[in-house]
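Colleague: could you work out the structure for the sequence below:
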Amino acid sequence: MAVGTKAVPANPKRILIVRTDRLGDVVLTLPLLFLLRSCFPDAHIAMLLNRYTGEIVEGNPYLNELIWYDDGRQLVPFLAMRKEIRRRRFDAVVVVYPRHRLAWLMALAGIPVRIGTGFRFYSFLFNRRVYEHRKDAKKHEVEYNIGLLRELGCHATGEPEFVINIPEEVRQRAKVITNPAGKNPIVVLHPGSGGSAREWPAERFGALAAELMKNDHVAVFVTGTDAEVDKVNQVINRTDGKATSLAGKLSIKELAAVLELADLFVANSTGPLHIAAAVGTSVIGIYPQHTPMSARRWGPRTELKRVFIPSRPVDCQKCVVGDRICECMTSIETSAVLEGARDLLKQGKIGTRPISSAGRVSA
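Modeller: Okay, the predicted model is just below:
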């Protein structure tokens, strides 16, 4: 990706990136670290984020420091957080994930250049405002994120670069975890979404797993959080217990390493889908047609993909979101996803971009 610093309004020596929401959002913010390092090679670059998502950023070669927004259970108290930020004397902050509390923290910490959205009631707390409505999904989330850097004079062209550092010992653990696959292709399914999107039913994931294991001789592993064990078990049950559950058993780094070994990853719109794309694995993403959740904004950033979307109006009202029941998502047939899976498996990993020992991938 080509970068430049034309008409830089400031020459920041200490820069903070703020992204305190979910795992997938953090993955889609990773390109900012590479771009900032390219534009400001001598700057101290820090990132404020939650401990849960921090593991995916740890070891990033473009980052100098991680700052925790919580203690693993609750947010760091406001005054203590302000003190932590203020004592680091940042020149500029890019608030990728805007929230009222965060905007006040950055202003009261005395950061001179504060970049954020211009469309919130608290936007007066940012002195470099960007006027883009992300909910319209006119661009991908990565492009929205990169656009914020223009306020620092940091411009970019070409495809963004993702870097996920996977230590070698973690790769070795992933090989042990997936050892039951033997020489068979590895397919990983992820039936949950952590509540971030409308979901393709777990029974459909189960039917897909059963077909792939029976007729395509693949080994199926099913991932999810502790809270998604029931969904994972629904998938396992459809395979008569032949698929392997990894629900609640993997750290984020281990998940990345397992996905790096996989031949295919199939999931709803969720963070692990972006991790799989970043480490060079073929992916199938199953997305709602609803504009704010759409693949146009949240789709996987890779050429090795198939994306399935319901053929329903964007304003369809036949989904009961509270019960996670969605007629639109159910309209995506298992046979269509199966065909896409077979197509990607047939391609293998031909064309996958090389991954260094640090897990560096352009995607």
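
Colleague: alpha carbons only for contacts and neighbour counts from here, please
Modeller: OK.

Colleague: next, the buried residues of stretch 98-115.
Modeller: Neighbour-count burial for stretch 98-115, counted by 16 or more other CA atoms under 10 Å, picks out 98-99, 102-107, 109-115.

Colleague: so which of those sit within helices?
Modeller: Filtering the buried residues of stretch 98-115 for membership in helices, criterion DSSP state H, returns 102, 103, 104, 105, 106, 107.

Colleague: which residues does the closest residue to the first one other than its chain neighbours contact?
Modeller: On the basis of CA to CA, 6 or more residues apart in numbering, the spatially nearest residue to residue 102 that is not a chain neighbour turns out to be residue 95, at 7.9 Å. Contacts here follow CA atoms under 8 Å, 6 or more residues apart in numbering; on that basis residue 95 touches 17, 18, 19, 102, 103, 114, 115, 116.

Colleague: could you measure residue 95 against residue 204, distance?
Modeller: Relative to residue 204, residue 95 is positioned 38 Å away (criterion: CA to CA, to the nearest Å).

Colleague: so which residues of the stretch 51-200 of the chain form helices?
Modeller: With DSSP state H, counting those that start in this stretch as the definition, the stretch 51-200 of the chain shows helices at residue ranges 51-54, 78-86, 100-108, 141-148, 168-177.

Colleague: coming back round to it: so which of the contacts of residue 95 would you say is closest to residue 187?
Modeller: Of all the contacts of residue 95, residue 187 sits closest to residue 19, with 30.5 Å by CA to CA.

Colleague: the closest one against residue 49, yeah?
Modeller: Yes: counting by CA atoms under 8 Å, residue 19 touches residue 49, with 5.4 Å between them.

Colleague: host element of the residue nearest to residue 242 when sequence neighbours are not counted?
Modeller: In space, residue 242 comes closest to residue 236 once its chain neighbours are excluded; the distance is 6.9 Å by CA to CA, 6+ apart. Using DSSP states H and E, residue 236 falls within helix 229-238.

Colleague: check the offset of that helix from the chain's centre.
Modeller: Here the centre of mass of C-alpha atoms in helix 229-238, compared against the chain's by CA atoms, centre = their mean, to the nearest Å, lies 24 Å away.

Colleague: partner strands of the helix or strand just after that helix and their direction?
Modeller: On the C-terminal side of helix 229-238, the nearest following helix or strand under DSSP H and E is strand 244-245. Each strand that strand 244-245 pairs with, and the sense of that pairing, follows from DSSP bridges: strand 219-222 (parallel).

Colleague: where does pLDDT dip in the stretch 101-250 of the chain?
Modeller: Residue ranges of the stretch 101-250 of the chain with pLDDT under 70: 158.

Colleague: on that earlier part again, tell me which two in the buried residues of stretch 98-115 are the farthest apart.
Modeller: 99 and 112 (18.5 Å).

Colleague: run a quick neighbour tally on residue 74.
Modeller: 9 (other CA atoms under 10 Å).

Colleague: list phi and psi for it.
Modeller: Taking degrees, to the nearest 10, you get phi -140, psi 160 for the backbone angles of residue 74.

Colleague: starting at the chain centroid, how far to the one helix or strand residue 260 maps to?
Modeller: With secondary structure defined by DSSP H and E, residue 260 is part of helix 252-261. Relative to the centre of its chain, helix 252-261 is centred 13 Å away, using CA atoms, centre = their mean.

Colleague: could you pull up the mean pLDDT of that helix?
Modeller: Taken as a whole, helix 252-261 has an average pLDDT of 96.

Colleague: following the chain past it, name the next helix or strand.
Modeller: Sequence order places strand 264-268 as the next helix or strand after helix 252-261, per DSSP H and E.

Colleague: who are the packing partners of that following strand?
Modeller: In terms of contacts (3 or more CA pairs under 8 Å, 6 or more residues apart in numbering; DSSP states H and E), strand 264-268 is packed against strand 186-190, helix 271-278, strand 283-286, helix 334-347.

Colleague: got the CA coordinates for the helix or strand following the first one in CSV?
Modeller: For strand 186-190, the following helix or strand on the C-terminal side (DSSP H and E) is helix 202-215. Extracted in CSV, the C-alpha atoms of helix 202-215 (Å, rounded to 0.1, in the frame of the first residue of the first chain):
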residue,chain,number,x,y,z
ALA,A,202,-27.2,-23.6,13.8
GLU,A,203,-29.1,-26.6,12.3
ARG,A,204,-28.0,-25.4,8.8
PHE,A,205,-24.4,-25.3,9.9
GLY,A,206,-24.9,-28.9,11.2
ALA,A,207,-26.4,-30.0,7.9
LEU,A,208,-23.5,-28.4,6.1
ALA,A,209,-21.0,-30.2,8.4
ALA,A,210,-22.7,-33.6,8.0
GLU,A,211,-22.6,-33.3,4.2
LEU,A,212,-19.0,-32.2,4.1
MET,A,213,-17.9,-35.0,6.4
LYS,A,214,-19.9,-37.7,4.6
ASN,A,215,-19.2,-36.9,1.0
